[in-house]
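Novice: Only the shape, not the letters, is given here:
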């Protein structure tokens, strides 16, 4: 039982780590970035490239992957979102353009690495393991759990207490007003995408390390979970996303233990549906936004 | 000189397009006689394979196996002087594209036979097309139920299978595992796709036949990322082994979890575990899987195949390559014996007569149901290679 | 000429799928026209597909009746959905409809009679091309005429400004529900038709990927004109087949085309049909909304 609890915490952390970047972009720019699973995957593959092709150790690969995906995020905005923003296009268009980018990038990765999953070169990935009595704990999984919470704290602090955070919140409220008030909107948006994508890339690298494998489609299962997580926790709220993630993680493991197996999937979506109907703003959301 | 040939070719094409296209999609004698020189016309074969989409990891091996075979056959003189031409189309891992690929082969390319498609779910739509048109098909990687013999869409006598069905392989695996591991109780962890569900029912039957209890069946979905909870659940039943009715990606994670949570226990699996991508997995040694092909087999046909593949493509072949290669040489054998290698009915009859043909998979025959009859190799992994399970 | 016949026979399935996709795109178009964003129509398509196929298989229901019942089942299922999600808008509504769709799909996966994950195989290919294109013509015509009707104008008003419409006495709730239900009806009908084209269906045909695909057809095709979704469906269904010569690079081209269209054609593919009107609207900055 305790073991399942730990499993639930770990799963919750994966969802949270993935959802943080996703939620950040939505909370600031009201965009559902459907290319987020792709930066997630990209982070993992950049790490693979650095380790496998450049022969560098994992602790060099990790920061490089995070940095490069962050920069990719800025490029993503320039190519797929900024033109639509300038035109005042509805959010739906942004969703579709991010989808298009996903198609292209995934295919490019597959052309280089194939569609099958790849294992890291032996010994390349850190594998700290320690035992407590009967149970085995992997260092990397613990690291993910700890990092997720730490990142949530750091991000919340940045948003509440720093100038950048204030700029972002102003931007989220009203872009035009923010610009009039002297906020460097372009820089704030670039920062948003950098951080969001870097988070996504970090999640990708860590997960690839945790399983010692990666593949071009690794972001897909997490994408749908991310919707649930954001809605349950409150769209636009970062702590909310994290809490939503843990609720989902615990719920999934609980339904595995207690429910007939075929209905497990229905749990996640049933929960989502219920929250949307009873409390659309989610647990910690501020207000619902009108958008088509 | 060149313009003359061009005119000749153009008129040949014109004749073929307008005059020759009768209802029967067999080769057109009119075009043969209209060409300038007279090599025998190529015998066309279609290969529908997943180069993109969810199953794209079957390539390039699946295409390469067939290409190698065609190259070798042509180098040895082809079929009574006529060369084989392999036309490869991407089925996109989706039914619609698989159907269109088959239709293109049948209506436009006028092939004599088709290999593929990759996935059983795509075959469910594509095979009936060939059946209706009366074109022989050899399935090279469909291992589920309802592909040959008794098919859900009605008669399927034009469909043959060269890929060892799970119905044949799994009982062998279960028998070997039960005997060598002394199994009394197992837990099955299975996915929600067609392959995994077919495998589940076949495994259950096989275990029952061997007197082993399946104390729990745990389902996961394509959206699950972490497999620790599933193995933890399974652990609670204290089974003698875990059965993974999965595809390779999930299987890899299950192997890791079992190694972590249930040291000493092994993982029995179906064809999904039969993947080169699992070989680097540190815990691959835990698996017990029935395969259609053993690279270590010392049959000359196999060692020649492995060497030739490595020379041409630079890597070792895997089971998909071995199966597509085998299907091609089986087809070539049938074409030679058919007496009329462009007539569908003759080729079909010849295919039925394939008996103990030497292939990399061993001695190959078709059963009365057009299914492959070959030995099952029950394997595990050692030192990064598939090795026989002892 | 035989080459033409061969071409036609080869691509008959593709042409059928284009027709079905166009119907689906129209079903989404309708709800978008009323200002509602929905990702649930793939699930309604699935309901129509399964119901009509199962009725045919187990009860020997004649084809048109089975199709009709499939569509009606989908519409009936849309009723509770519509009522529940009244209070949601925009992205929230989209996600709620998506969640609903996924729940339907999971139930399909769990019900034994549907064949569960193994899907329903060996469905007799009863659909003819003329069934599909006649349906498409009728639906397109009706929707085109509806635009100028009372209910159509009510929908347009709701799309522009819900609160103002309500204050004008328009029964906003009921109109929204009507859009959902009719959309579901069309999607269910399309589902029944498509099930009898490709011999087999399984729950993964009707998931998130499909829902997004249908939405793309409608949006990229263009909202202002009934022709839009049809163009969108046509182009993007045909594209994989058209791009076959590009082999491994197909997806890259498809993504690039999608990206270019969504960024540079605010009114979607309809721009090519209504060139002058688009130019006028762009000049006054109203290209996206009208």
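Specialist: Great, that's in hand. Quantities reported herein were computed from a predicted structural model and do not represent experimental measurements.

Novice: For the chain, which segments are assigned as helices?
Specialist: Answering for chain A, as no chain was given. Here chain A has its helices, by DSSP state H, at A:2-29, A:36-48, A:58-76, A:82-87, A:91-113, A:139-161, A:163-173, A:175-180, A:185-211, A:220-233, A:238-258, A:264-278.

Novice: you looked at the wrong chain, it should be chain B
Specialist: Going by DSSP H, chain B shows helices at B:2-14, B:29-34, B:61-75, B:95-103, B:120-133, B:166-181, B:194-209, B:228-235, B:248-261, B:300-313, B:319-338, B:344-352.

Novice: Show me which residues of the stretch 51-200 of chain B sit near chain A.
Specialist: Within the stretch 51-200 of chain B, the positions near chain A by CB under 8 Å from any CB of the partner chain are B:52, B:54, B:56-57, B:59. Backbone N, C-alpha and C define where each C-beta goes, glycine included.

Novice: typo on my end, it should be the stretch 1-150 of chain C
Specialist: C:35, C:37, C:84-85, C:87-92, C:95-96, C:98-100, C:102-103, C:106-107, C:109-110, C:116.

Novice: And the buried ones among those residues, selectable in ChimeraX?
Specialist: A single ChimeraX command is used to select the members of those judged buried by 16 or more other CB atoms under 10 Å in any protein chain shown:
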select /C:35,37,85,88,89,90,91,92,95,96,98,99,100,102,103,106,107,109,110,116
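
Novice: Okay, and which of the residues of the stretch 1-150 of chain C next to chain A map to strands?
Specialist: Among the residues of the stretch 1-150 of chain C next to chain A, no member falls in strands (criterion: DSSP state E).

Novice: hmm, back to that, so which of the residues of the stretch 51-200 of chain B next to chain A is surrounded by the most neighbours?
Specialist: residue B:57 (25 neighbours; other CB atoms under 10 Å in any protein chain shown).

Novice: Just list the residues touching that residue, thanks.
Specialist: Neighbour list for residue B:57: A:114-117, B:275, B:277 [criterion: CB atoms under 8 Å, 6 or more residues apart in numbering or on different chains].

Novice: separation between it and residue A:40?
Specialist: Distance of residue B:57 to residue A:40, given as CB to CB, to the nearest Å: 19 Å.

Novice: thinking again about what came up before, report the two of the residues of the stretch 51-200 of chain B next to chain A separated the most.
Specialist: B:54 and B:59 (12.3 Å; CB to CB).

Novice: and the stretch 1-150 of chain A, which of its residues are near chain C?
Specialist: A:30, A:32, A:79-80, A:83-84, A:87-93, A:96-97, A:99-104, A:106-108, A:111.

Novice: Then chain B?
Specialist: Near chain C, when you scan chain B using CB under 8 Å from any CB, you find B:17-18, B:20-21, B:51-52, B:89-90, B:92, B:95-97, B:99-100, B:103-104, B:106-108, B:121, B:124-125, B:128, B:146, B:151-154, B:192-194, B:196-198, B:222.

Novice: Please repeat the previous calculation with a cut-off of 6 Å.
Specialist: B:17-18, B:21, B:95-96, B:99-100, B:103-104, B:107-108, B:124-125, B:128, B:152-153, B:192-194, B:197 (CB under 6 Å from any CB of the partner chain).

Novice: now these: which count as buried?
Specialist: Neighbour counting with 16+ other CB under 10 Å marks B:17, B:21, B:95-96, B:99-100, B:103-104, B:107-108, B:124-125, B:128, B:152-153, B:192-194, B:197 as buried within those.

Novice: Now mean pLDDT and distance to residue B:373 too, for the helices of chain B, in a markdown table please.
Specialist: Below are the helices of chain B laid out as a markdown table (pLDDT from 0 to 100; distance: least, CB to CB, whole Å):
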| stretch | mean pLDDT | distance to residue B:373 |
| --- | --- | --- |
| helix B:2-14 | 41 | 43 |
| helix B:29-34 | 46 | 37 |
| helix B:61-75 | 95 | 20 |
| helix B:95-103 | 94 | 26 |
| helix B:120-133 | 94 | 20 |
| helix B:166-181 | 93 | 8 |
| helix B:194-209 | 92 | 17 |
| helix B:228-235 | 93 | 35 |
| helix B:248-261 | 92 | 26 |
| helix B:300-313 | 94 | 16 |
| helix B:319-338 | 94 | 12 |
| helix B:344-352 | 94 | 12 |
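
Novice: The stretch 101-250 of chain C: helices as residue ranges?
Specialist: For the stretch 101-250 of chain C, applying DSSP state H, counting those that start in this stretch gives helices covering C:129-146, C:150-160, C:162-167, C:172-195, C:208-221, C:227-242, C:250-264.

Novice: Can you say which of the residues of the stretch 1-150 of chain A next to chain C are buried?
Specialist: Buried, going by 16+ other CB under 10 Å: A:30, A:32, A:80, A:83-84, A:87, A:89-93, A:96-97, A:99-104, A:106-108, out of the residues of the stretch 1-150 of chain A next to chain C.

Novice: Now do the same contact list for the closest residue to residue B:215 other than its chain neighbours.
Specialist: Excluding its sequence neighbours, the residue lying closest to residue B:215 (CB to CB, 6 or more residues apart in numbering or on different chains) is residue B:237, at 4.8 Å. Neighbour list for residue B:237: B:187, B:215-216 [criterion: CB atoms under 6 Å, 6 or more residues apart in numbering or on different chains].

Novice: Highest neighbour count among those residues?
Specialist: residue B:187 (23 neighbours).

Novice: coming back round to it: with respect to burial, which of the helices of chain B scores highest?
Specialist: Comparing the helices of chain B by mean neighbour count (mean count of other CB atoms under 10 Å in any protein chain shown), helix B:95-103 ranks first with a mean of 27.

Novice: Show me the contact partners of that helix.
Specialist: With CB under 6 Å, 6+ apart as the criterion, helix B:95-103 contacts B:48, B:89, B:91, B:117, B:122, B:125-126, B:129-130, C:10, C:13-14, C:17, C:198.

Novice: Dump those to TSV, plus distance to residue C:122.
Specialist: Supplementary listing: the contacts of helix B:95-103 in TSV, determined by distance: CB to CB, whole Å:
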residue	distance to residue C:122
B:48	20
B:89	24
B:91	19
B:117	17
B:122	15
B:125	10
B:126	13
B:129	13
B:130	15
C:10	23
C:13	17
C:14	22
C:17	19
C:198	11
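
Novice: Of all pairs in these, which one spans the longest distance?
Specialist: B:130 and C:17 (19.1 Å).

Novice: just the helices of chain A: most buried one?
Specialist: Using mean count of other CB under 10 Å, helix A:36-48 ranks as the most buried of these, with a mean of 28.

Novice: Residues in contact with it: which ones?
Specialist: Taking CB under 6 Å, 6+ apart as the rule, helix A:36-48 contacts A:22, A:61, A:65, A:68-69, A:102, A:105, A:109, A:197, A:200-201, A:203-205, A:208, A:214, A:218-219, A:223.

Novice: Average pLDDT for it, rounded please.
Specialist: In this model, helix A:36-48 has an average pLDDT of 95.

Novice: For residue B:211, give me phi and psi.
Specialist: With angles defined as degrees, to the nearest 10, residue B:211 sits at phi 70, psi 20.

Novice: any idea which element residue C:39 lies in?
Specialist: Using DSSP states H and E, residue C:39 is not contained in any helix or strand.

Novice: Does it touch residue C:95 like I think?
Specialist: No: with contact defined as CB atoms under 6 Å, residue C:39 does not reach residue C:95; the gap is 7.5 Å.

Novice: Tell me where chain A is predicted with low confidence.
Specialist: For chain A, the stretches with pLDDT under 70 are A:134-136, A:262, A:280-282, A:284-292.

Novice: Tell me the confidence at the residue nearest to residue B:215?
Specialist: In this model, residue B:237 is scored at 91, pLDDT.
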